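**Q** Requesting a structural model of the entry that follows:
(chains A and B)
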There are 2 protein chains.
Amino acid sequence: MQFHDTPRFPRGFRCASRLCGLKPSGRDLSLFVSDVDAAAAAVFTRNHFPGAPVILGRETVRGGVLRAVVVNSKVSNVATGQAGLAHARRMAVAAAAEVGTVPGRVLVSSTGVIGVPLPIEKIEAGLVGMAAELTADPLVGAVGIMTTDTRPKAISLDAGAAVITLVGKGAGMIEPNLATMLIYIFTDAALAPPALDRLLRNAVNESFNMLSIDTDTSTSDTCAILANGLAGAVDETVFQAALTAGCVRMAELVARDGEGATKLLRVTVRGAESRAAARTVAKSVVNSPLVKTMVYGADPNVGRLLMAIGKCVGVQIVPERTHAWINGVPVVAVGARASFDDAVVRERLAGDTIDIEIELGTGAAAATAFGCDLTEGYIRENAAYYSS
Amino acid sequence: MQFHDTPRFPRGFRCASRLCGLKPSGRDLSLFVSDVDAAAAAVFTRNHFPGAPVILGRETVRGGVLRAVVVNSKVSNVATGQAGLAHARRMAVAAAAEVGTVPGRVLVSSTGVIGVPLPIEKIEAGLVGMAAELTADPLVGAVGIMTTDTRPKAISLDAGAAVITLVGKGAGMIEPNLATMLIYIFTDAALAPPALDRLLRNAVNESFNMLSIDTDTSTSDTCAILANGLAGAVDETVFQAALTAGCVRMAELVARDGEGATKLLRVTVRGAESRAAARTVAKSVVNSPLVKTMVYGADPNVGRLLMAIGKCVGVQIVPERTHAWINGVPVVAVGARASFDDAVVRERLAGDTIDIEIELGTGAAAATAFGCDLTEGYIRENAAYYSS
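**A** Sure thing, here's the model as predicted:
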């Protein structure tokens, strides 16, 4: 799949970001706009305590049409009751007025601390005049939605004659159950909302639903796609392949930039009895604190792989058929520690991307999960997130 | 329940510990002996890669009679294949010879690094003469089974005319699925193996099965009980209550001494639709890295409680019926952040024991889970466990 060296928007999409005063510095408000109405689909968190923007967003996306997405960072507008929902609606009204559409065509998101009232007046004031600042660089919008992310995330790639652009943020509280984090996908392909919904769910299933930073499921997770049709019809198979590849790449970017992370951890399970079994084992390994700290310390303590595979009690595991590799080096063979040179594995574990491959030998199904190492940085960021 | 100020053994039990050379210093070998044959029961890890001592232990306990327990620390004898099983058998033979019984009445355990061959000669040599050193202080045996534990763990309490003594170790890789860690329970009550097995499973279900340090399930978990009958028959109801109370107390000790832990975290869920639902929510909260770091940092970021409750997608959660308290202070009311003084919650979170209580308002079932905070210490201990 050919990713663009510098991310760019498809035809007819632009964005802007500003500091409206929620953060002490940087940007805290982003606006993404399509020149024309776009078909839309989205998936949201399955958490029982969805934020007000998610409650409103479900209603908005049901219409199948979006013109704009407005996002603030720093305050998530979650656990804020009816006042929070009223604030989310006011945010849609203000953004709609700025871009010249109706509130029902504006998707609203908020990310940051839970349980704090949204300073809606600052956001309303901040939106005024943003339409005049819209630019073709998706990274401008990506900056405004960052919380503990260390870098803005935007990528783009071709899908036939169309372009797909993904803008996202992640960092912590990430173990999606349906969608994850805040991910906005823009394309100039012409696709109807039902097709868009199906294509999005397929892509999310292979990417964001296999991503975990810390097993915690955010109350704000949102992944939306806008297709404005300016590039005309596309081959759905080509589009699905590009969309999935884009989502996988974005999932990797989010994982690599997990709170405190120093490495991307990719766990691929093959030869499983079923796809569900492969996913369960891949997630168990990618989520194991002992595997994550082993990766962080580049410590060839490979017995922990067996532990993390073996604790999947509902999955068929046959020890003598189980094998594993770390960045290509066999570390588990026939269900026991393989004979290997500690120094070699230590060196492989020192890289920026750690690929753990597991063969279960009980079937033909496979799955890949995305995560990161667990470091003192995660602890430091989260021991005083609210107070800092 | 009346715990003894200083732990002591029931009639007829003694122990010894030595340094046989697996660790550079301290003690690494413990022997627990009953003067007479004892009825026995045990539960073991459900991990698909059980250590050799667990494989052997299942066979041994099937006989229903034990005279001794021998345990080494530092090397777990897991993922060591047929050679490992032969080593475990040799360990039983050597201990049986030392205490004057048959190998089939000796339970063997090993704890420590996975995937490293057991230095069986050192253990065999170390056992010689240990029977002459047997003492009535259970803490002597508790010291020899420590790995990353910071303190030895032994408690005792009365059960009618009998005494129940628990000796255990924990620290990391703890999210039991049936048993957990290494826990040995000694009693002079007279109980037949089937009754003992039932009583043990009931107690474990309320205690060690509700304990989680890090969601990782060890390959060596063992919880065994020996009843030598020297105190005669006991009332089973009285015994069950004492056994459960002892197991809960030991679970709390293990949680408080989790790797890097600075606090005991106790999460009680009430008003759940079912016992399973209460357990699921209690475990979700006790395992949430974001709740654990919040507790560590004494940061009143209570929205994370809602997140950790709400991510239990299979459980009936009604936001407007959900309430929560931290050490008695209402922090969540009617499904949203309650109005409270940050300074007060910060102060309550600064204590050694953090009690989180959650009311779901959907039924009458309850459960309590035991865990600890997540700190830089956990990362440091586990980033180089194998190499250090």
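**Q** What count of nearby residues applies to the residue of the stretch 1-150 of chain A found nearest chain B?
**A** Closest to chain B within the stretch 1-150 of chain A is residue A:114: 2.4 Å, counting by Cβ to the nearest Cβ. Every C-beta, even on glycine, is put in place using the N, C-alpha and C of the backbone. Residue A:114: 28 surrounding residues under other Cβ atoms under 10 Å in any protein chain shown.
**Q** if I pick residue A:371, what's in contact with it?
**A** Neighbouring residues of residue A:371 by Cβ atoms under 8 Å, 6 or more residues apart in numbering or on different chains: A:211, A:212, A:213, A:255, A:258, A:265, A:266, A:267, A:286, A:287, A:292.
**Q** one more time with 10 Å, if that's ok
**A** Residue A:371 makes contact with A:174-175, A:210-215, A:251-252, A:255-256, A:258, A:261, A:263-267, A:282-283, A:285-288, A:291-292, A:295, A:354, according to Cβ atoms under 10 Å, 6 or more residues apart in numbering or on different chains.
**Q** did I read that right, it in a strand?
**A** Yes. Membership of residue A:371 in a strand is supported by DSSP: H, G, I helix; E, B strand; the rest coil.
**Q** before we move on, the earlier item: could you tell me which of the contacts of residue A:371 belong to strands?
**A** Counting by DSSP state E, the part of the contacts of residue A:371 found in strands is A:264, A:265, A:266, A:267, A:354.
**Q** Of these, just say which sits nearest to residue A:28.
**A** Closest approach between the ones in strands among the contacts of residue A:371 and residue A:28, by Cβ to Cβ: residue A:264, at 27.3 Å.
**Q** So for the closest residue to that closest one other than its chain neighbours, what pLDDT did the model give?
**A** By the measure of Cβ to Cβ, 6 or more residues apart in numbering or on different chains, the closest residue to residue A:264 outside its immediate chain neighbours is residue A:256, 4.1 Å from it. pLDDT recorded at residue A:256 is 82.
**Q** Might one say that residue A:256 is in contact with residue A:370?
**A** Yes. The criterion here is Cβ atoms under 10 Å, and residue A:256 meets it with residue A:370 at 8.8 Å.
**Q** Show me which of these two is the more surrounded one.
**A** Ranked by neighbour count (other Cβ under 10 Å), residue A:256 and residue A:370 place residue A:370 first, with 27 against 23.
**Q** Can you verify my assumption that the more buried one contacts residue A:257?
**A** No. With contact defined as Cβ under 10 Å, residue A:370 does not count as touching residue A:257 (11.6 Å).
**Q** hmm, back to that, show the contacting residues for the residue lying closest to the residue of the stretch 1-150 of chain A closest to chain B once chain neighbours are set aside.
**A** Ranked by Cβ to Cβ, 6+ apart and with sequence neighbours excluded, the top spatial neighbour of residue A:114 is residue B:303, at 2.4 Å. Contacts for residue B:303 (Cβ under 10 Å, 6+ apart) come out as A:49, A:51, A:76, A:78-80, A:113-116, A:173, A:219, A:386, B:290, B:294, B:331-332, B:336-337.
**Q** Could you check which helix or strand contains residue A:356?
**A** Using DSSP states H and E, residue A:356 sits in strand A:353-359.
**Q** Pull out the buried positions in that strand.
**A** For strand A:353-359, a neighbour-count test (16 or more other Cβ atoms under 10 Å in any protein chain shown) marks A:354, A:355, A:356, A:357, A:358, A:359 as buried.
**Q** Using TSV, lay out those together with distance to residue B:130 and pLDDT.
**A** Shown next, in TSV, are the buried residues of strand A:353-359 (distance: Cβ to Cβ, whole Å; pLDDT from 0 to 100):
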residue	distance to residue B:130	pLDDT
A:354	44	94
A:355	47	94
A:356	42	96
A:357	45	96
A:358	42	96
A:359	44	96
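**Q** Looking at the residues you listed, which is nearest residue B:229?
**A** Closest to residue B:229, out of all of those and judged by Cβ to Cβ, is residue A:358, at 47.9 Å.
**Q** In the stretch 201-350 of chain A, which residue sits closest to chain B?
**A** Of all residues in the stretch 201-350 of chain A, residue A:303 sits closest to chain B, at 2.3 Å by Cβ to the nearest Cβ.
**Q** ranges for the helices of the stretch 51-200 of chain A?
**A** Under the criterion DSSP state H, counting those that start in this stretch, the stretch 51-200 of chain A contains helices at A:52-62, A:81-99, A:120-127, A:138-144, A:193-206.
**Q** Deepest-packed of these, please.
**A** Ranked by mean neighbour count, these are led by helix A:138-144 with a mean of 25 (mean count of other Cβ atoms under 10 Å in any protein chain shown).
**Q** could I have that one exported to PDB, CA atoms only?
**A** Taking C-alpha atoms only, helix A:138-144 is exported to PDB below (Å, rounded to 0.1, in the frame of the first residue of the first chain):
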ATOM      1  CA  PRO A 138      -4.300  17.700   8.100                       C
ATOM      2  CA  LEU A 139      -1.500  18.000  10.700                       C
ATOM      3  CA  VAL A 140      -2.900  21.400  11.600                       C
ATOM      4  CA  GLY A 141      -6.100  19.700  12.800                       C
ATOM      5  CA  ALA A 142      -4.200  16.800  14.300                       C
ATOM      6  CA  VAL A 143      -2.300  19.100  16.600                       C
ATOM      7  CA  GLY A 144      -5.500  20.500  18.100                       C
END
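**Q** Fine by me, thanks again.
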